[in-house]
Structures are given as structure tokens and as C-alpha cells.
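Peer 1: Got a predicted structure here, sequence first:
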Amino acid sequence: MPIMAIEFNHPQASPPKYTIGDRVAITDNCPPKDWLVGKVIGLSLEENDEIRWWYSVRLNSPTGFTEEYQDQDIVPETIISMLQAQWQQGEAIWDCQSRNSASDCPPLPKFTSGMRLKFRAETGCNLFEDFGEVIGSRYEQTSNWSGWVYQLVNQDLSQPIEIGETWLELATQEE
């Protein structure tokens with residue numbers, strides 16, 4: 001099969017988050033394990049009030065139904081199990097707080113999926129700063145520390161990284 005390369009060149013838009021062939025899940029209000037999944041089969045750039053990408057997704061259904069979604073409505077299929085664990089943890093926190101005083105339960109997370117954060121991390125002896133998008137979180141409690149750990153992705157990372165909340169801050173729009 002011939003390979004076709006398409007060059008993306010737009011003065012204001014960022015590159016698409018997903019490309020043709022990527023497997024994605026459609027976010028919904030139900031538990032992530034119940035979300036519809038499919039494959040990106042097309043994308044388009046819309047320039048109205050703001051510039052945004054739309055993705056044509058062929059859903060895994062007997063009829064191969066296709067629908068268009070914006071990037072905030074889809075996530076990589078590979079993170080569904082992590083998001084399901086996060087969903088269950090969130091339900092457990094709300095359940096705990098409804099039955100006990102809030103001080104007996106873990107705090108709610110400071111950051112949520114989709115937020116853009118500035119993070120500081122160490123590699124060897126070097127401390128560096130970068131930006132990433134939250135794709136998940138979990139509450140950790142050990143004898144030395146308790147707090148939220150966040151999973152972040154960005155275009156430079158080949159896979160998500162996990163960083164404790166003390167190393168994170170909300171990124172401003174200018175950054």
C-alpha cells in the first residue's frame with residue numbers, strides 16, 4: 001500500500017492531537033469502561049470563533065457508524081482502564097464523604113483530566129520544567145507521604161509520566 005505524507009502548515013493552529021488510524025474512546029457521563037470506542041478515519045480544521053480540530057471516528061458497531069467529535073470529547077483508547085480506576089476512586093471518595101466527616105477521607109484532586117499543567121521533574125542530577133496535559137490521577141498514601149499523583153502527557157513524551165501534586169502548578173494561557 002502506498003504511503004502518503006501530508007504536511008500540516010497553519011499559522012495559528014496547533015497540530016492535531018490524533019491522526020488517522022488512532023484508536024480512541026468517546027467520553028461520556030457513564031463509567032469509562034462503558035464508553036464507545038472507535039478509530040479515527042478523518043480530520044478537519046474548523047476556523048470560526050476559534051480554531052479547532054474535528055475528528056471523524058468510525059465506532060466499533062456492527063454498522064460501522066461514523067460520527068465527528070472535537071478533541072475534548074475523545075481520549076486514547078489505551079487509557080480507559082486507568083480512567084476507570086480513577087472513576088472508581090472518585091466514587092469511593094464521594095461515598096466516604098457522604099458517610100463520614102471530610103477529614104476522614106482523601107481530599108478531592110486539585111487538577112482534573114484535560115487541564116494543562118506546568119511540571120518540574122528530575123532526570124539524574126538535572127531539574128527541568130515542561131508542560132503537560134492531565135490524563136489521570138490517583139490518591140497515594142504511604143508512611144512518609146500522602147497526596148495526589150497525576151499522569152501527564154505532552155508531545156515530547158513517548159508515554160505518560162506520573163508526578164506528585166507538589167511538583168505541579170496550573171499553566172497560564174501565556175505559557
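Peer 2: It's in.

Peer 1: How about I26: what's its closest non-neighbour residue?
Peer 2: Counting by CB to CB, 6 or more residues apart in numbering, the nearest residue to I26 once its immediate chain neighbours are dropped is L36, at 4.6 Å. Bear in mind the C-beta positions are built from the backbone N, C-alpha and C, glycine included.

Peer 1: typed the wrong thing, it's W35
Peer 2: Leaving out its chain neighbours, the residue that sits closest to W35 by CB to CB, 6+ apart is A25, at 4.5 Å.

Peer 1: Ramachandran coordinates for that neighbour?
Peer 2: A25 has phi and psi values of phi -120, psi 140 when expressed as degrees, to the nearest 10.

Peer 1: which residues in the chain form strands?
Peer 2: In the chain, the segments counted as strands under DSSP state E are 23-26, 37-47, 51-59, 66-70, 74-76, 116-123, 126-141, 146-153, 161-164, 168-170.

Peer 1: Partner strands of the first one, with direction?
Peer 2: According to DSSP bridges, the neighbouring strands of strand 23-26, each with its direction, are strand 37-47 (antiparallel), strand 74-76 (antiparallel).

Peer 1: Pull out the buried positions in it.
Peer 2: 24-25 (16 or more other CB atoms under 10 Å).

Peer 1: OK, contacts around the most centrally placed residue in the chain?
Peer 2: In the chain, the residue lying closest to the centroid (CA atoms, centre = their mean) is I135, at 2.9 Å. Taking CB atoms under 8 Å, 6 or more residues apart in numbering as the criterion, I135 is in contact with 75-76, 79, 82-83, 113, 151-153, 160.

Peer 1: Serialize those residues to TSV and add fields for pLDDT, distance to P11 and neighbour count.
Peer 2: What follows is the contacts of I135, written out as TSV (pLDDT from 0 to 100; distance: CB to CB, whole Å; neighbours: other CB atoms under 10 Å):
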residue	pLDDT	distance to P11	neighbour count
V75	87	28	24
P76	88	28	15
I79	81	31	18
M82	76	36	17
L83	79	34	21
S113	77	29	18
Q151	84	32	21
L152	85	28	24
V153	84	25	18
P160	82	30	20
